[in-house]
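> task: produce atomic coordinates for the following.
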Amino acid sequence: MSRRPPPPSMLQPDPAETEAAGEVWTAITRDIAVSVRTAFLEDHSDPQTDNYVWSYHITIDNRGTHTVRLLRRTWRITDARGQTRTVEGEGVVGEQPLLAGGQSFSYASGTPLPTPCGFMTGLYHMVVPGTGEEFDVMIPAFSLDSPYQPRLKH
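Next comes the predicted model:
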């Protein structure tokens, strides 16, 4: 069974943050930067029952001058078998954060997979409250890695 990772152009580790916090993936859309860090949760995983769990920590940074509100999210979560599920919902962690220019919002969440590795990507659906203009912000594709994933030898 081979794992098909996202295209290299979609994985964008931020070199400035890589040393301090482990691998960080960042995408910027219309002056909104989304950065992601992940951690495999060994204590919540059970490889014998094909249950693997990760946490992810996200920071949304409004680098622009307009105030924006996060309305909804759409996630695409893909396991090592190539099975993808889509998760949609209002806001994040029960909130629809309002971010003025220069403000950021951070939160943590998690996801299970039936395989020892996979990846996630998605979109935040935003609105500019002053104009009602809606737009999507890319969440960068990021790896969900564990010590149980097969290692390839070349």
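> I'd assumed Arg72 was in contact with Glu90.
Yes - with contacts counted by CB atoms under 8 Å, Glu90 reaches Arg72, the gap being 5.7 Å. (Glycine included, C-beta is placed from N, CA and C.)
> pLDDT weak spots in the chain?
1-22, 152-154 (pLDDT under 70).
> rewinding a little: more neighbours: Glu90 and Arg72, which one.
The neighbour count for Glu90 versus Arg72, taken as other CB atoms under 10 Å, is higher for Arg72 (17 against 12).
> if I look at that one, how far off is Arg63?
Using CB to CB, to the nearest Å, Arg72 is found at 21 Å from Arg63.
> buried sites along stretch 47-57?
Tyr52, Val53, Trp54, Tyr56, His57 (16 or more other CB atoms under 10 Å).
> that stretch: end-to-end distance?
Terminal residues of stretch 47-57 lie 23 Å apart, using CA to CA, to the nearest Å.
> Ser35 in helix, strand or coil?
strand (DSSP: H, G, I helix; E, B strand; the rest coil).
> what is the neighbour count of Val36?
Count around Val36 with other CB under 10 Å applied: 24.
> same check, this time on the one 10 residues further on
Using other CB under 10 Å, Asp46 has 11 neighbouring residues.
> kindly report the same for Pro116.
20.
> what do you get for Ala27?
Look at Ala27: counted by other CB under 10 Å, it has 19 neighbours.
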